[in-house]
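Visitor: From the sequence below, what's the structure:
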Amino acid sequence: MAHTGKSENVIKKYLPAYFTLLAISAMEVLLAYRNIAMPALLAMYLALAISGATLGIMYFMHLADERRSLFLTLIPAAIFVLLLMNAIWSDSLRLLHMRPFAH
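Guide: A predicted model of the protein is given here:
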């Protein structure tokens with residue numbers, strides 16, 4: 001194997017991300033045992049899930065090392081796919097009741 005001349009300590013790079021994900025999971029477990037109103041709890045869980053997913057994507061899927069242009073093309077593509085999924089779900093609910101046309 002050829003040495004690239006760039007020696008990075010992989011542990012120093014990924015260990016903080018791992019411990020941050022561990023802390024996010026611990027906060028989710030602690031929130032489950034608190035007496036918090038459901039809308040506030042849902043908002044907290046959603047914020048923790050988005051931050052954990054972002055951290056996982058950036059470090060463990062190596063998106064943080066990519067060029068910014070790739071990152072900026074993935075965001076509109078993901079939003080487009082989610083909007084298309086939203087348009088298709090209404091048809092699946094209609095077909096669930098076996099009503100092919102909206103009369």
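
Visitor: C-alpha from now on. contacts and neighbour counts both.
Guide: OK.

Visitor: Pick out the residue closest to the middle of the chain.
Guide: Residue closest to the average C-alpha location in the chain (Cα atoms, centre = their mean): residue 53, at 3.3 Å.

Visitor: and it, which of the three is it?
Guide: Under DSSP: H, G, I helix; E, B strand; the rest coil, residue 53 falls in the helix class.

Visitor: Domain ranges for the chain, per the record?
Guide: Domains of the chain are assigned by automatic domain parsing as 1-65, 66-103.

Visitor: Deepest-packed of those, please.
Guide: domain 1-65 (a mean of 12; mean count of other Cα atoms under 10 Å).

Visitor: so where is this structure shaky, pLDDT-wise?
Guide: 1-8, 90-103 (pLDDT under 70).

Visitor: what do you get if the cut-off is 50, keeping everything else the same?
Guide: Scanning the chain with the threshold set as pLDDT under 50 gives 1.

Visitor: Which parts of it are helices?
Guide: According to DSSP state H, the chain carries its helices in the segments 10-32, 38-60, 68-96.

Visitor: As PDB, could you dump the C-alpha coordinates of the first one?
Guide: Extracted as PDB, the C-alpha positions of helix 10-32 are listed here (Å, rounded to 0.1, in the frame of the first residue of the first chain):
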ATOM      1  CA  VAL A  10      -8.700   8.700  12.600                       C
ATOM      2  CA  ILE A  11      -9.600   8.200  16.300                       C
ATOM      3  CA  LYS A  12      -9.300  12.000  16.900                       C
ATOM      4  CA  LYS A  13     -11.600  12.700  14.000                       C
ATOM      5  CA  TYR A  14     -14.400  10.200  14.700                       C
ATOM      6  CA  LEU A  15     -14.400   9.800  18.400                       C
ATOM      7  CA  PRO A  16     -16.000  13.200  19.200                       C
ATOM      8  CA  ALA A  17     -18.700  12.500  16.600                       C
ATOM      9  CA  TYR A  18     -19.300   9.100  18.300                       C
ATOM     10  CA  PHE A  19     -19.500  10.600  21.800                       C
ATOM     11  CA  THR A  20     -21.800  13.300  20.500                       C
ATOM     12  CA  LEU A  21     -24.200  10.700  19.000                       C
ATOM     13  CA  LEU A  22     -24.000   8.800  22.300                       C
ATOM     14  CA  ALA A  23     -25.000  12.000  24.200                       C
ATOM     15  CA  ILE A  24     -27.900  12.600  21.800                       C
ATOM     16  CA  SER A  25     -29.200   9.100  22.400                       C
ATOM     17  CA  ALA A  26     -28.800   9.500  26.200                       C
ATOM     18  CA  MET A  27     -30.800  12.800  26.000                       C
ATOM     19  CA  GLU A  28     -33.600  11.000  24.000                       C
ATOM     20  CA  VAL A  29     -33.800   8.300  26.700                       C
ATOM     21  CA  LEU A  30     -33.900  10.900  29.500                       C
ATOM     22  CA  LEU A  31     -36.600  12.800  27.700                       C
ATOM     23  CA  ALA A  32     -38.700   9.700  27.600                       C
END
